[in-house]
Every structure is written in structure tokens, then in C-alpha cells.
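> need coordinates for the below:
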Amino acid sequence: MPHDDVPGPLDALGALGALAARLPAHAGDLRRSLASVPDGSRLSPQQLWGTLLVTAIAARSAVVLREVGREARARLTPEAYTAARSVAATMAVNNVFFRTRHLLSDPAYGTLRTGLRRDVLGVRQPPGVGRTDQELWSLAVSAVNACGACLDAHERALRAAGVEREVVQETFRIASLVTALAVTLEAETVLEALPGTRTVPEAETGAEAVPGAEAVPGG
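The predicted model follows:
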């Protein structure tokens, strides 16, 4: 079970707040959108933190993954934490393979044997997590990796299971925010190290400061 001394994901920003506080002034809209995730999410705590974890992995930012991964490990059960990482690894294969096959103009590739193991294809359900959670996490990673074929497949599976469109959209909204967070923080790390870089105060940009510990409604 998750640690008892860790507040629920709907009660605090946690890792998102810490990361959002590191964003530059010109990324104020991104900060405000990130602040709305815990309080405004339609996902269950397990779905939410699994989505944050898999998208942090897919976004390929050590800065973001270090913070999100630490908190996700505390908030998820060991089984769910492992299952989410398994989904991220599986979709890293599937997204490249099926995106490429989908983009090729020759439809004959769709008739060929994939050569991928059944568990890589997503047939095997990871222990400790329901099929809906697995599909949501798979869709989130597919959104980051822009695999249209995978997005369609997982969206259809979720809708067939009775998941509302609003929940599906919330999942890829989070994926987009985590990706933007990763891209922006990695870019700022490089740009701030350039000679002659000047940090523009928030007062000069007109950006509204968003405290890392306070959730701001709205998206």
C-alpha cells in the first residue's frame, strides 16, 4: 500500500508543484495548467500517478522523472508502480513499430507478422492494475510519442469499457503538460548556461506568480 504519511494526490501539488516552481516566468500558463492537475483530475489516484509516471518516462527528462518517479513510488502500490513502468517499456516498442507501419504508404506491411512478443503487444495484463488503468497509461504514452494507430486502438478499448471521453481527454491533457514541462525545463537548463543569459523578472513579463504549494483552478 502507499505510505500513510504521504498526502493523497488530490490534496497537494507535490512533485508537480516543485517542478512548476522551477519554470521560467514566460511559462506562466504552463505553471497554472500544471497546478490544476491534482485538484481537477477526473482520474483515480492510481490512474493519475501512473499517468504522471509513464509520461515522465516517455518525455525523457531526467529532471522531471527524478521528481515524479520519487513521488509516484510513494503514492502507488509496489504492484502498480511496477505495472506502470512495464506499460511505459511496452509502449516504447509499440509506438515506434506501429507508428512507422501506419505511416508507410504500402499497406502490405500491415499483413506481416510483427515479430514482437505477445506481452510487448500488450496482450498480457500486468499484475496489480486493472485493464482500464493499463489502457489509460498506454494512451498517455502514445500521446507523447504521437502514434496515431496506438491512440486509436487504446481510445477504442477505453470507450468500449465505458470510459467517458472526458476521462480519455484528461489523460492526454496530462501527457501534454508533462511533456511541455520536460521540454521547457530541459531547454532552460541549456539556455541559462549560455554566456550573457539574462533572466527576465516576472514583473517585466506580466506573468502571474503561481506558488508551488497552491493549486490554481482552471486549465
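
> next, count neighbours for the residue nearest to Thr184 when sequence neighbours are not counted.
Nearest residue to Thr184, sequence neighbours excluded (C-beta to C-beta, 6 or more residues apart in numbering): Ala27, at 5.3 Å. Placement of C-beta: from N, CA and C, glycine included. Neighbour count of Ala27, defined by other C-beta atoms under 10 Å: 21.

> where does Ala27 land on pLDDT?
Ala27 is assigned 94 on the pLDDT scale.

> which parts of this protein are helices?
Here the chain has its helices, by DSSP state H, at 15-20, 28-35, 37-40, 45-59, 62-75, 78-103, 131-145, 148-160, 165-192, 202-205.

> now the fifth one: buried residues?
Read it as helix 62-75. Buried positions in helix 62-75, judged by neighbour count with 16 or more other C-beta atoms under 10 Å: 63-65, 67-69, 71-73, 75.

> the bottom helix or strand of this protein by mean pLDDT?
helix 202-205 (a mean of 51; mean pLDDT, DSSP states H and E).

> just give the closest residue to Gly50, not the sequence neighbours.
Ala84 (4.1 Å).

> same check on Gly148?
His102 (6.1 Å).

> which pLDDT value goes with the one you found?
Reading off the model, His102 has pLDDT 93.

> mind listing what the residue nearest to Arg73 when sequence neighbours are not counted touches?
Excluding the flanking residues, the one nearest Arg73 by C-beta to C-beta, 6+ apart is Tyr81, at 5.4 Å. Shown in contact with Tyr81 (C-beta atoms under 8 Å, 6 or more residues apart in numbering): 53, 72-73.

> same deal with Leu34?
Leu34 touches 13, 16, 19-20, 177, 181, counting by C-beta under 8 Å, 6+ apart.
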